[in-house]
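Novice: kindly return the folded structure for what I paste below:
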Amino acid sequence: MNVIQLHIKNMVCPRCIKVVKEELTRLGLRVKKIQLGKVAIAGSAEFNREEIAKSLEKEGFELIKDQDEILIEMIKLAVIELIHHNKKMDTTLRNSEYISQKLGESYSALSKLFSKYEKVTLEKYIIRQKIERAKELLEYGELTLGEIALQLGYSNVHYLSTQFKTITGMSVSEYKNNERRNLRKFICDI
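Specialist: Numbering: from 1, shown residues only. Purely as a prediction, here's the structure:
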């Protein structure tokens, strides 16, 4: 029995991994390894890609077939991992270096590919992810703005505040005082 790799779009958190694993198991597939955006299953003659695609779609996921699309999803997952799953970013390592090292490609090539298929540049995508993470951390109320800036790899609070206002249209204090504070977006919708 061989191992078949599936690439899945919109897997952005540990809960996504759990749901995908449950769906594949429910279909009678044996999951060998699972991580964000990627699943290795034990292959067999009964493997039905369309059935898997339909089952995953019901849960908000999508099978990816195209190589460029797979690479774009890997870029997104690297950004999400960097921003949403790290407790403290290494401020000496630039975002571009991290993504390039993680995917083994030049940042320039990755950025060009990303811009070709997405409606935003890779740099703007990274900034939007950082601002969403900042919103989340602000809502928790456990960290100061300075600590949030440091955790997200900003060199100072002013730089974070400026980007926050540019992306959200409101200052950090306006956001914190907004009664409708639930202005956050899903990570996979950024």
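
Novice: now do the contacts for Y159.
Specialist: For Y159, the residues meeting the contact criterion (CB atoms under 8 Å, 6 or more residues apart in numbering) are A149. Any C-beta I mention is one placed from the backbone N, CA and C, and that applies to glycine too.

Novice: just the one 10 residues further on next, same as before
Specialist: With contacts defined as CB under 8 Å, 6+ apart, G169 is in contact with no residue.

Novice: give me the element V79 is part of.
Specialist: In this structure, V79 is located in helix 67-84 according to DSSP states H and E.

Novice: run the chain-centre distance for the following helix or strand past that helix.
Specialist: Moving toward the C-terminus from helix 67-84, the first helix or strand encountered (DSSP H and E) is helix 95-103. Here helix 95-103 is found 14 Å from its chain centre; the criterion is CA atoms, centre = their mean, to the nearest Å.

Novice: could I get the buried residue list for helix 95-103?
Specialist: Residues 95-96, 98-100, 102-103 are the ones in helix 95-103 that count as buried (16 or more other CB atoms under 10 Å).

Novice: name the nearest residue to the spatially most central residue of the chain, ignoring sequence neighbours.
Specialist: The C-alpha lying nearest the average C-alpha coordinate of the chain belongs to I80 (CA atoms, centre = their mean; 3.3 Å). Leaving out its chain neighbours, the residue that sits closest to I80 by CB to CB, 6 or more residues apart in numbering is V12, at 5.4 Å.

Novice: helix, strand, or coil at that neighbour?
Specialist: Applying DSSP: H, G, I helix; E, B strand; the rest coil to V12 yields a three-state assignment of coil.

Novice: tell me the confidence at it?
Specialist: Looking at V12, its pLDDT reads 83.

Novice: that one and H158, how far apart?
Specialist: Distance, V12 to H158, using CB to CB, to the nearest Å: 30 Å.

Novice: more neighbours: which of these two?
Specialist: Between V12 and H158, V12 has the larger neighbour count (other CB atoms under 10 Å), namely 20 against 10.

Novice: just checking, that one touches L77?
Specialist: Yes - taking CB atoms under 8 Å as the contact criterion, V12 and L77 are neighbours in contact, 7.3 Å apart.

Novice: please enumerate the shared neighbours of those two.
Specialist: Contact criterion CB under 8 Å, 6+ apart; residues bridging V12 and L77 by contacting each: L36.

Novice: show the contacting residues for I75.
Specialist: Contacts were defined as CB under 8 Å, 6+ apart; by that measure I75 touches 99, 103, 110, 113-114, 122.

Novice: specify which member of these is nearest to Y140.
Specialist: When those are ranked by distance to Y140 (CB to CB), I99 comes first, at 26.3 Å.

Novice: all set, thanks.
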